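> need a structure here:
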Amino acid sequence: MKDTEKYLIHATIAADGVVERSDVVGAVFGQTEGLLGEELDLRDLQESSRVGRIDVAVESENGQSFGEVTVASSLDKVETAILAAALETIDRIGPCRASVEVTSIEDVRAAKRREVVERAKELIAGGFDETSLASDDILEEVREAARVEGIVDYRGLPAGPRVGDSDAVIVVEGRADVLTLLDCGIKNAVAVEGTNVPDAVADT
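Okay, here's the model as predicted:
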């Protein structure tokens, strides 16, 4: 029933005497029996799971009892309202005079929708990665990754992948120059990381 309930009927009870939960449940079934016809008979509705468990919380003080009753319903709005009104016809609980007043009919689905809306707001506020890349940025990032992967270590210096087996070596100043030449398809450059040519390159 919990997964299919549409409404929750909330009602308060007051009795001129000490009553127990079982007295309240008995009054709900006993005094509504036959009141609304077979289609809305409370026992039949509960057996067919169209009405859920009747929750009762009751306390006694100074010879009187007060409490709350909650009834879960999967009936439609009109039928639920009729059932709620029927609860207010209860005038005795156990041996005591009593009264029942429906305080609200809660739309469970509306409450869930409110929860969904609030959670969606939270997700929009902080759940998305705002560092989305434009198409050009994506292409550039992938190109950069490909260029970096193309750089090798040649005797401790950044170089193109063909430096070791090339007949000629192009000497450039820095790593960025090697990357630029890689973009142009030139793979035999080596960066000396300065203006002096190291012996490792001079001997190549």
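> touching, Arg109 and Lys6? I think so.
Yes: counting by CB atoms under 8 Å, Arg109 touches Lys6, with 6.1 Å between them. C-betas here are computed from N, CA, C, even on glycine.
> more neighbours, the two?
Lys6 (17 against 11; other CB atoms under 10 Å).
> within the helices and strands, which one has the residue most central in space within the chain?
Ranked by distance to the mean C-alpha position of the chain (CA atoms, centre = their mean), the top residue is Arg119 at 6.4 Å. Using DSSP states H and E, Arg119 sits in helix 108-126.
> check which residues of stretch 61-76 are buried.
Residues of stretch 61-76 classed as buried: 65, 67, 69, 71-75 (neighbour count, 16 or more other CB atoms under 10 Å).
> among those residues, which ones are in strands?
Judged by DSSP state E, the buried residues of stretch 61-76 include 65, 67, 69, 71-73 as members of strands.
> and which of those is nearest Gly17?
Nearest to Gly17, judged by CB to CB, of those is Ser65 at 6.7 Å.
> how about the helices in the chain?
Applying DSSP state H to the chain gives helices spanning 21-32, 42-47, 77-87, 108-126, 135-150, 175-183, 199-202.
> the ones you listed: which one's closest to Pro158?
It is, among the helices of the chain and with distance given as CB to CB, helix 175-183, at 4.5 Å.
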